[in-house]
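Chemist: Structure here, sequence nowhere to be found:
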C-alpha cells in the first residue's frame, strides 16, 4: 500500500518535471521564431522590472543593513576593535554572490510569479487561452515567451540594483552609524570584491528569472476548477519557484568557478 | 466540408468521445445536442485544434487536420471562427481590440482598414459605437455579440458556436439565434452549434445530431429528430427526468 503510494507520488513528480521541461523547451524554441510579441514583452519588462523595483530596494536595503550589523558584531567580538573595517569585502561578497540574488528571486517569485499564475490561470478557466489559439496566436508565444524573456533580462538588472543598494546600506551601518573608518572600509571593499563575484550573482538571477516565469506560466496554463483552482495554482507557483530557487542556488554556487 | 471519422477522446479512464462519425456539408448549420458533460464542447475543441484526438480523423475540405500541430494547425485554424460559451473576451482589451485581434494576425490590413472591419463586424451583430468599452462594462448578451463579431471579423469559412444561448435571457438568446441564421445567409458559412437548448436548436439547425455516451445516436433534420422513435432522443428533446437516460 505504502509502496504503491510512494510509486504514484514519484510518478507524479516525474510527470510534472516532464511538463515543466517540455514547456521550457517549447518556450526556448519559440524565442527565436517571428513574429515576436513586442508589446507584451515591453509590458512584462515594466511589470517585472519597474514595478518590482520598490520592493527589491526595500529588501536589499534591510538585507544590507542586517548583514552590515552582523559582520560588525562578528569582527568586533572575535577579531577585536579596529578590525571592523575589514568587514566591507565580506559584506559585498555575501551580498552580491548569495544574499541579493536569492532575496530578489524570492521577492519576484512572490510578486510576479504569483501574478503570472493568477493571470494566465484566470485566462485559462475563462477560455481566453483557447480564444487566443482560435484567433491565430500561439498561447506559448503570446503568453509564456514574453514573460520568460522579460524575467530573464530583468532579474539580473534588479539584482545589480539590489547589490548597489545593499552594499551602500551595509557601508552606511558600519561607517555612519558605528563609526568605522570609511576610507579603509571602502578601500578594502574595492580591493577584494572581484568583477566575477558580481557577475556570478547576475548569472544566478537570470536562471532564477527563467525558473519563476516558466513555473508561474506552467501553473497558470494547467489551472482548472474555477477560482479555487486559480488560487491553488498561484500558491503552488510561489512555493515551487521558491524551493527551486534555493536548490538551484546551491548547485550554481557549487559549480560556478570562484 | 467537415468530416469527422471514428473520433475518440478520453480523459484518464473516462471515455468522452467513443467513435464519433459526422459529415457536415459546406454551408450547412449542424446542431449537436446532448446532455451536459456528453462531450459536445470537447468535440468543438477537437475541431478547432485546441485539443488533439486520441484516434480518428478530422477532415477539413478533404485534408485530415487531426495530426497537425504548431504553425500548420494555426493555418487551418484561420478557417474557423468560434463563439465561446462565456464569450471569452480578453478582459484587458477594449471591444475594438478584441474584435481586431484575429484581423491583425490573420490579415495584412492596415490600421484604418482594421478599424473599418471592426465597425462593420460590430454593426453586423447589432452593436455600434461601443469600440472603446471594456468587456466588464458589457451585459451578458452584448459580450456574446462582441464574441460573435470577433469570430466573424476575419471572414472564416466555418463558425463554431459553443452554447450560444446559455447564460442569457430568452429574448437575447433569440436575438443570438437570429444572428446565427442571418450570418449563414449573408456569409454562406458552415456552422456547428453545440447546445442543449431545444428552442435554439430547432430555430438554427439545418440538421441535428444527438451525442450520447460518446457516439452520435441520431442524425437528421429538426423534424426527423422531433419524430425520432429512439426513447433516448425523445426523453432528451422533451426534457423528461423519467426515461432511459439515468446518468443525470
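Modeler: That came through fine. Just so you know, these numbers come straight off a predicted model, no measurement behind them.
Chemist: quick one: contacts of stretch A:204-215?
Modeler: A:20, A:23-24, A:27, A:48, A:101-102, A:104-105, A:108-109, A:112-113, A:116, A:144, A:147-148, A:150-156, A:158-159, A:237, A:240-241, A:244-245, A:248-249, A:252-253 (CB atoms under 8 Å, 6 or more residues apart in numbering or on different chains). The way it works is simple: take the backbone N, C-alpha and C, and place the C-beta from them, glycine included.
Chemist: which stretches of the chain aren't confidently modelled?
Modeler: I went with chain A, as the question did not name one. A:1-3 (pLDDT under 70).
Chemist: I was thinking of chain B, sorry if that wasn't clear
Modeler: B:247-248.
Chemist: Which element, helix or strand, includes whichever residue of it sits closest to chain A?
Modeler: Distances between chain B and chain A by CB to the nearest CB are smallest at residue B:105, namely 3.5 Å. Following DSSP states H and E, one finds residue B:105 within helix B:95-106.
Chemist: buried residues in stretch A:171-188?
Modeler: By neighbour count on 16 or more other CB atoms under 10 Å in any protein chain shown, the buried set for stretch A:171-188 is A:171, A:173, A:174, A:175, A:180, A:185, A:188.
Chemist: now do stretch B:32-40
Modeler: Buried residues in stretch B:32-40, counted by 16+ other CB under 10 Å: B:32, B:33, B:34, B:35, B:38, B:39, B:40.
Chemist: same question, stretch A:43-57
Modeler: Neighbour-count burial for stretch A:43-57 flags A:44, A:45, A:47, A:48, A:49, A:52, A:56, A:57 (criterion: 16+ other CB under 10 Å).
Chemist: Now do the same contact list for residue 67.
Modeler: All of this is about chain A. So residue A:67 contacts A:91, A:94, A:95, A:99, A:166, A:170 (CB under 8 Å, 6+ apart).
Chemist: mind redoing it with 7 Å?
Modeler: Residue A:67 sits next to A:91, A:94, A:95, A:99, A:170 when contact means CB atoms under 7 Å, 6 or more residues apart in numbering or on different chains.
Chemist: sorry, back to before: want to try JSON lines for the buried residues of stretch A:43-57, with secondary structure and distance to chain B as columns?
Modeler: Formatted as JSON lines, the buried residues of stretch A:43-57 follow (DSSP: H, G, I helix; E, B strand; the rest coil; distance: CB to the nearest CB, whole Å):
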{"residue": "A:44", "secondary structure": "helix", "distance to chain B": "13"}
{"residue": "A:45", "secondary structure": "helix", "distance to chain B": "17"}
{"residue": "A:47", "secondary structure": "helix", "distance to chain B": "12"}
{"residue": "A:48", "secondary structure": "helix", "distance to chain B": "17"}
{"residue": "A:49", "secondary structure": "coil", "distance to chain B": "19"}
{"residue": "A:52", "secondary structure": "helix", "distance to chain B": "19"}
{"residue": "A:56", "secondary structure": "helix", "distance to chain B": "25"}
{"residue": "A:57", "secondary structure": "helix", "distance to chain B": "28"}
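Chemist: so which of those residues comes closest to residue B:77?
Modeler: residue A:44 (25.3 Å; CB to CB).
Chemist: And the nearest residue to that closest one once chain neighbours are set aside, how close does it get to residue B:184?
Modeler: Once flanking residues are discounted, residue A:44 sits nearest to residue A:150: 3.5 Å by CB to CB, 6 or more residues apart in numbering or on different chains. Applying CB to CB, to the nearest Å, the value for residue A:150 to residue B:184 is 44 Å.
Chemist: residue ranges for the helices of chain A, please.
Modeler: Here chain A has its helices, by DSSP state H, at A:2-31, A:38-48, A:53-78, A:87-94, A:100-108, A:114-125, A:128-134, A:139, A:145-171, A:182-192, A:195-221, A:226-255.
Chemist: Throw those into TSV and include distance to residue B:28, thanks.
Modeler: Below are the helices of chain A laid out as TSV (distance: least, CB to CB, whole Å):
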stretch	distance to residue B:28
helix A:2-31	37
helix A:38-48	39
helix A:53-78	57
helix A:87-94	72
helix A:100-108	53
helix A:114-125	32
helix A:128-134	21
helix A:139	31
helix A:145-171	39
helix A:182-192	78
helix A:195-221	35
helix A:226-255	35
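Chemist: just the ones you listed: most buried one?
Modeler: Stretch with highest mean neighbour count among the helices of chain A: helix A:100-108 (a mean of 25; mean count of other CB atoms under 10 Å in any protein chain shown).
Chemist: what helices or strands is it leaning on?
Modeler: Counting contacts by 3 or more CB pairs under 7 Å, 6 or more residues apart in numbering or on different chains; DSSP states H and E, helix A:100-108 packs against helix A:53-78, helix A:145-171, helix A:195-221, helix A:226-255.
Chemist: What sits closest to the closest residue to chain B within the stretch 151-258 of chain A if chain neighbours are left out?
Modeler: Closest residue of the stretch 151-258 of chain A to chain B, CB to the nearest CB: residue A:224 (11.1 Å). Of all residues not flanking residue A:224 in the chain, residue A:125 sits nearest, at 6.6 Å (CB to CB, 6+ apart).
Chemist: same question, residue B:54
Modeler: Of all residues not flanking residue B:54 in the chain, residue B:8 sits nearest, at 4.7 Å (CB to CB, 6+ apart).
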